[in-house]
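In: Generate a structure from the sequence data that follows.
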Amino acid sequence: MQNIFSEISKYTFTPSYYEVKSVVDGDSILLCKIQSVEKFEIRLYGIDCPETKFCKKLKQDERETHLAGQFLIQLGHVSTKFVRELLPVNTKVSLIIEKNNTTDIYGRTLAYLILPDGNCLNEILVEKGYAKPYEKCHCEQLSKYQILNFKAIQMKQGLYNLTNHF
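Out: Predicted structure coming up:
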């Protein structure tokens, strides 16, 4: 994990001042500051997991992947379950935020989520095949995620064990 953020001047690191309150879906997590009740949603940088419900993005994903929406939703639930296993409620996490890329179009905080063992959740999800690189929104780690995704496809990791693409 230490070398993925080599140009540290591009990032803001926040120590373990956050707790997981719930996993919204594979790429969105509800957190709160420790000793606070104020919750906020983060969106994981550079990755995309299948949707877990019918929505506008699901229709777009159906058109782009030529996969049935119901199948994509099933994949989304598999991805979300994997994240919930890694992030039980009240898990203490840290965030790394790109200094010039802090929120998405919905106002959610964009972040690399760092697990208690020091590993980056975003990277794990791509490496294990439960997320793919999200090329429609730039992040500093995108090229690394593309390489990890290629390897996950070749090894039939995670969701790639169920389909060739999502």
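In: What's the mean pLDDT across the longest helix along the chain?
Out: As assigned by DSSP state H, the longest helix anywhere in the chain is helix 69-86. For helix 69-86, the mean per-residue pLDDT is 98.
In: Show me which residues of that helix are buried.
Out: G69, L72, I73, L75, G76, H77, V78, S79, T80, F82, V83, L86 (16 or more other Cβ atoms under 10 Å). C-beta coordinates here come from the backbone N, C-alpha and C atoms, glycine included.
In: Going C-terminal from that helix, what's the next secondary structure element?
Out: Sequence-wise, the next helix or strand downstream of helix 69-86 (DSSP states H and E) is strand 92-98.
In: Figure out how far that following strand is from the centre of its chain.
Out: 12 Å (Cα atoms, centre = their mean, to the nearest Å).
In: In terms of secondary structure, what does that strand contact?
Out: Contacts defined by 3 or more Cβ pairs under 8 Å, 6 or more residues apart in numbering; DSSP states H and E place strand 92-98 against strand 11-25, strand 109-114.
In: and stretch 140-151, C-alpha only, in PDB?
Out: Extracted C-alpha coordinates of stretch 140-151, given in PDB (Å, rounded to 0.1, in the frame of the first residue of the first chain):
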ATOM      1  CA  GLU A 140      -4.700   9.000  -9.900                       C
ATOM      2  CA  GLN A 141      -4.800   5.200  -9.500                       C
ATOM      3  CA  LEU A 142      -6.900   4.500 -12.600                       C
ATOM      4  CA  SER A 143      -4.000   3.000 -14.700                       C
ATOM      5  CA  LYS A 144      -3.100   0.700 -11.800                       C
ATOM      6  CA  TYR A 145      -6.700  -0.400 -11.500                       C
ATOM      7  CA  GLN A 146      -6.800  -1.200 -15.200                       C
ATOM      8  CA  ILE A 147      -3.800  -3.500 -14.900                       C
ATOM      9  CA  LEU A 148      -5.300  -5.200 -11.800                       C
ATOM     10  CA  ASN A 149      -8.600  -5.600 -13.600                       C
ATOM     11  CA  PHE A 150      -6.900  -7.300 -16.600                       C
ATOM     12  CA  LYS A 151      -5.300  -9.800 -14.200                       C
END
